[in-house]
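K.L.:
A predicted structure for the sequence below; I have some questions about it.
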Amino acid sequence: MPLYRNQWRQMLIEDLLFIRFLDDMERKWVEVFNVLSAGLYPVFYSKSKRYTLRSYASKFTLQGGELFYGDKKAIKSREEARACFDEFHVSPDGKHLGITRSRDAVGSKYYWFGMSRDTEKWVLECDKCKNPAAPLTPAQIRIKKEARNPPKIKRGVLNKAVEDAKKLAAYAAVDYHVKDNQTVGIGSGSTIIHAVKRLAERVKAENLNILCVPTSSQARQLIHDNGLTVVDIKRHLEIDVAIDGADEVDSELNLIKGGGGCLTQEKIVASCAKSFIVIADYRKDSSALGEQWKKGIPVEVIPMAYVPVSRAIQSQFGGSADLRMAVSKAGPVVTDNGNFLLDWRFDQEHNWSAVNTTIKMMPGVVDTGLFINLAERVYFGMEDGTVKIRDKNML
Ligand SMILES: O=C(CO)[C@H](O)[C@H](O)COP(=O)(O)O
């Protein structure tokens with residue numbers, strides 16, 4: 001049924017009032033709710049704003065009139081958010097958890113737009129947090145001691161669980177996707193080490209003929225050390241399958257990569273492969289980018305461009321884009337291509353495909369660690385010894 005002029009005017013007025021009186025957090029909640037429940041957008045939204053809102057809303061579900069972000073309840077108002085914060089900011093032993101742990105604790109159950117900013121502000125306003133000299137209870141003293149000297153066994157157990165999970169994912173990918181007479185792209189990082197070992201085992205046991213295309217000097221060395229055949233992409237453009245790790249994977253198979261600084265070669269190899277398979281441990285599994293991986297999105301830039309690119313990213317998208325510094329060497333990290341890396345810590349949800357294109361267009365940018373629409377399947381090794389699969393065709 002067509003809308004009459006006065007009805008449009010009424011809707012427009014309601015929209016304008018809506019923008020005026022709701023704060024950002026509540027407005028986002030209502031916008032997502034309206035899209036999911038009734039397919040309604042604010043009438044003055046342009047096509048591209050609608051698109052951004054639609055892709056943001058796709059991360060949420062409606063359950064019994066409530067909004068959920070993954071398995072976390074999406075909070076509508078700041079009062080409600082404050083109550084959720086109060087529920088978690090002090091541990092059962094009476095210990096005030098500080099900024100990071102309060103945010104992680106609240107974020108294990110709840111989500112709201114601006115959550116990081118709010119938790120930081122509320123922790124900073126908290127007198128107990130401001131006054132760490134306040135007398136501690138015996139339980140608090142014990143927890144503090146444990147935090148200073150964490151029992152070594154726990155770290156070992158965690159490392160083992162993570163390493164086992166990486167191995168599970170790597171073995172599943174190599175066993176399922178690699179066949180005789182194939183050219184295989186080999187990613188970089190620590191998870192790929194398990195994949196290359198498994199590949200070498202299979203080549204030996206099954207007498208396979210496999211050619212490996214490396215994505216970094218680390219991968220080249222790894223292939224070589226495991227007795228596999230290294231070939232150059234210039235002569236082997238037809239890659240059957242590329243296998244690589246990731247720093248984070250969201251619910252739509254968007255990836256953040258480049259924690260190891262090899263994103264440009266990794267993207268080239270992935271885009272030349274008939275299928276691009278990702279292997280990761282359970283810590284990389286997110287419903288939205290930035291949820292697990294806090295080190296930001298890597299961007300490879302030619303050295304003279306790092307300041308202008310960093311400024312351009314910050315002014316267009318907010319957050320902070322910082323030069324990655326080396327740990328065992330003075331000065332910045334230099335990539336295999338002789339470039340620098342910026343790590344962009346973003347502070348809100350974005351349309352990642354549009355952001356990727358915009359950043360790539362900035363003069364001096366070589367590539368970004370955003371891998372959009374490239375992964376066909378991800379294998380997550382889980383803590384309980386199972387393998388979880390996220391597949392493009394099952395989204
Ligand atoms: O993108 C990468 C390197 O540029 C790696 O694949 C990513 O950092 C994951 O590494 P790991 O397997 O060590 O967790």
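P.N.:
Okay, I see it. Numbers count the residues shown, from 1 in each chain.
K.L.:
C-alpha only now, for contacts and for neighbours.
P.N.:
Will do.
K.L.:
Tell me the residues of the stretch 51-200 of the chain that contact the ligand?
P.N.:
The stretch 51-200 of the chain comes close to the ligand at residues 188-191, as judged by CA under 6 Å from any ligand atom.
K.L.:
From the contact counts, what lies against the host helix or strand of residue 164?
P.N.:
Using DSSP states H and E, residue 164 sits within helix 152-177. With contacts defined as 3 or more CA pairs under 8 Å, 6 or more residues apart in numbering; DSSP states H and E, the packing partners of helix 152-177 are helix 191-206, strand 273-281, strand 377-381, strand 387-391.
K.L.:
For these, give me TSV that also has mean neighbour count and mean pLDDT.
P.N.:
Shown next, in TSV, are the helices and strands packed on helix 152-177 (neighbours: other CA atoms under 10 Å; pLDDT from 0 to 100):
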stretch	mean neighbour count	mean pLDDT
helix 191-206	20	98
strand 273-281	25	98
strand 377-381	26	97
strand 387-391	18	95
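K.L.:
Turn those into JSON lines, columns for distance to residue 355.
P.N.:
Listed next are the helices and strands packed on helix 152-177 as JSON lines, based on distance: least, CA to CA, whole Å:
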{"stretch": "helix 191-206", "distance to residue 355": "27"}
{"stretch": "strand 273-281", "distance to residue 355": "22"}
{"stretch": "strand 377-381", "distance to residue 355": "23"}
{"stretch": "strand 387-391", "distance to residue 355": "23"}
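K.L.:
what bits of the protein have low per-residue confidence?
P.N.:
Residues of the chain meeting the criterion pLDDT under 70: 1-22, 92-93, 130-156.
K.L.:
domain assignment for it?
P.N.:
Structurally, the chain divides into domains by automatic domain parsing as follows: 5-73, 75-148, 165-287+374-394, 297-368.
K.L.:
winner for burial among the ones you listed?
P.N.:
domain 165-287+374-394 (a mean of 21; mean count of other CA atoms under 10 Å).
K.L.:
Can you give the distance of that one from its chain's centre?
P.N.:
18 Å (CA atoms, centre = their mean, to the nearest Å).
K.L.:
Now do that domain: distance from first to last residue.
P.N.:
One end of domain 165-287+374-394 sits 22 Å from the other (CA to CA, to the nearest Å).
K.L.:
just checking, residue 61 touches residue 71?
P.N.:
No - if you go by CA atoms under 8 Å, residue 61 and residue 71 don't touch, sitting 9.2 Å apart.
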